[in-house]
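Visitor: missing the sequence, but the structure's below:
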Ligand SMILES: Nc1nc2c(ncn2[C@@H]2O[C@H](COP(=O)(O)OP(=O)(O)O)[C@@H](O)[C@H]2O)c(=O)[nH]1
Ligand SMILES: [Mg+2]
């Protein structure tokens, strides 16, 4: 499909509601002609590419003023979509915006569907598929870290990283294809060892990229963290401290939190879905019993469990055993501003197997250490993983896995003594799988490359 086959689309690009500015975006050949019908202009000379101009929109029939606006014109193909794009910055009134949009539609513009502008940018090869997805990720990012990763991907980082792997595969495919097609022509015999090592190299690069998904998934979706412990140890106080506001009710009465509370915060840029639970204890109170049941559910659903202990209280063996029933990742000793009565032997036995943090939810002491400890639990303290390229998208991960599996199969076939022809199918599959990530069809590329390595007249 050619870009001129597309109808001109229009949409309100800013969120619903009132605001200082509201933007309407148009893309397609008719962008300027449509907008001109709202202006008392006889030609397009007022519009220079990449420049903003002040204009007054008028109703085409009544001549009534609609709004004073700024119009920015991006001439195709040097625009986001690759087509002529016009952005009209109106005052951010839903009434004005929908009136302008309705007029544009009445002129023949089509109401853009979600993602239509990015789709055109992709179809017109202004961006690849991974970049298009990054735009969406950037817009929907909930932490600064997610935004940072998406912005990097938007700049084509993933595509750039995949390119050398693809090139190696293409070279190999070209070589194998020529070996298959022209066996009788005395081409260099297949150097099996070298080819196997090329395949190994690509597998290990793809593996390291795919392995980043375990962290990438966490950065994208976050982790569920449950705070558990006996009543009154200060779970809700810690919950509030981590959130930085008084969300949960805190009282001196045991059993105050009866239901589980959920809030999301960002720790080192990772979304942490925090769950405050009802204290775990035997109780006759029905509501509290139900709360304890919910606590047990929260624990099974949580990725991380933090058990809170009260520094001021002794911990009986039974209580210790009860805590040990749960898959605790981190122990927190709270109320460290008070005199410590918790036996050292208990503390020692817990810290033998788990990280243990001392805090005071009252004074805020140790809360930053707790956040660091949570971050360490989440990414295993591996900053280097975070700094290198990270796969956050399941589709990319699946495509990588598929490519790795195909390469492994190719390797097996070659090692087992099968012909290049057999291995080729899997090499093609691997390349196609990687092409899925960037959304390209590489068939044309491969054909060009194959012939470019032949002599003229061959
Ligand atoms: N001195 C002191 N008191 C605390 C601390 N954290 C919580 N508390 C008090 O302990 C009581 C129970 O706290 P709460 O957060 O409701 O405990 P929960 O039942 O585990 O959720 C309240 O009176 C809090 O003010 C702390 O670090 N130091
Ligand atoms: Mg509570």
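Guide: All right, it came through fine. Nothing here was measured: the structure is a model prediction, and the numbers come from that model. Ligands and ions are numbered 1, 2, ... in the order given.

Visitor: now the helices for the stretch 101-250 of the chain?
Guide: Along the stretch 101-250 of the chain, counting by DSSP state H, counting those that start in this stretch, helices occupy 116-123, 129-140, 144-154, 157-181, 192-211, 213-221, 235-243.

Visitor: okay, the ones you listed in TSV with mean neighbour count and distance to residue 332 next?
Guide: For the C-beta atoms, the positions are set from N, CA and C on the backbone; glycine is no exception. Below are the helices of the stretch 101-250 of the chain laid out as TSV (neighbours: other Cβ atoms under 10 Å; distance: least, Cβ to Cβ, whole Å):
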stretch	mean neighbour count	distance to residue 332
helix 116-123	20	44
helix 129-140	19	32
helix 144-154	18	24
helix 157-181	18	37
helix 192-211	16	30
helix 213-221	20	21
helix 235-243	24	7
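
Visitor: tell me the domain ranges of the chain?
Guide: 3-126, 144-212+392-452, 222-382 (automatic domain parsing).

Visitor: interface residues of this protein facing ligand 2?
Guide: 235, 236, 257 (Cβ under 5 Å from the ion).

Visitor: give me that answer again for 6 Å
Guide: 235, 236, 248, 256, 257 (Cβ under 6 Å from the ion).

Visitor: circling back to that earlier point, which one of the helices of the stretch 101-250 of the chain lies closest to ligand 1?
Guide: helix 235-243 (3.3 Å; Cβ to the nearest ligand atom).

Visitor: give the next helix or strand downstream of that closest one.
Guide: Per DSSP states H and E, the first helix or strand lying C-terminal to helix 235-243 is strand 261-267.

Visitor: what angle do that next one and helix 235-243 make?
Guide: If you take axes from the mean of the first three to the mean of the last three Cα atoms, to 10 degrees, strand 261-267 sits at 40 degrees to helix 235-243.

Visitor: tell me if strand 261-267 is near ligand 1.
Guide: No: judged by Cβ under 6 Å from any ligand atom, strand 261-267 stays clear of ligand 1, getting no closer than 9.8 Å.

Visitor: which helices and strands does that strand pack with?
Guide: Counting contacts by 3 or more Cβ pairs under 8 Å, 6 or more residues apart in numbering; DSSP states H and E, strand 261-267 is packed against helix 235-243, strand 270-276, helix 367-379.

Visitor: quick check: angle from it to strand 270-276?
Guide: Using the same axes, to 10 degrees: strand 261-267 against strand 270-276 is 150 degrees.

Visitor: what residues sit buried inside strand 261-267?
Guide: Neighbour-count burial for strand 261-267 flags 261, 263, 265, 267 (criterion: 16 or more other Cβ atoms under 10 Å).

Visitor: with respect to residue 156, which of these is nearest?
Guide: Proximity of those to residue 156 (Cβ to Cβ) peaks at residue 267, which lies at 29.1 Å.

Visitor: including mean pLDDT, could the helices and strands packed on strand 261-267 go into a markdown table?
Guide: What follows is the helices and strands packed on strand 261-267, written out as a markdown table (pLDDT from 0 to 100):
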| stretch | mean pLDDT |
| --- | --- |
| helix 235-243 | 93 |
| strand 270-276 | 90 |
| helix 367-379 | 90 |
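
Visitor: quick one: which of the ones you listed is nearest residue 408?
Guide: helix 367-379 (27.9 Å).

Visitor: next, the angle from that closest one to helix 213-221.
Guide: Going by the same axes, to 10 degrees, helix 367-379 makes 130 degrees with helix 213-221.

Visitor: buried residues, stretch 336-356. List them.
Guide: Neighbour-count burial for stretch 336-356 [16+ other Cβ under 10 Å]: 336, 342, 346, 347, 350, 356.

Visitor: hmm, back to that, now the helices and strands packed on strand 261-267 as JSON lines including distance to residue 103?
Guide: Output for those, formatted as JSON lines (distance: least, Cβ to Cβ, whole Å):
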{"stretch": "helix 235-243", "distance to residue 103": "46"}
{"stretch": "strand 270-276", "distance to residue 103": "41"}
{"stretch": "helix 367-379", "distance to residue 103": "51"}
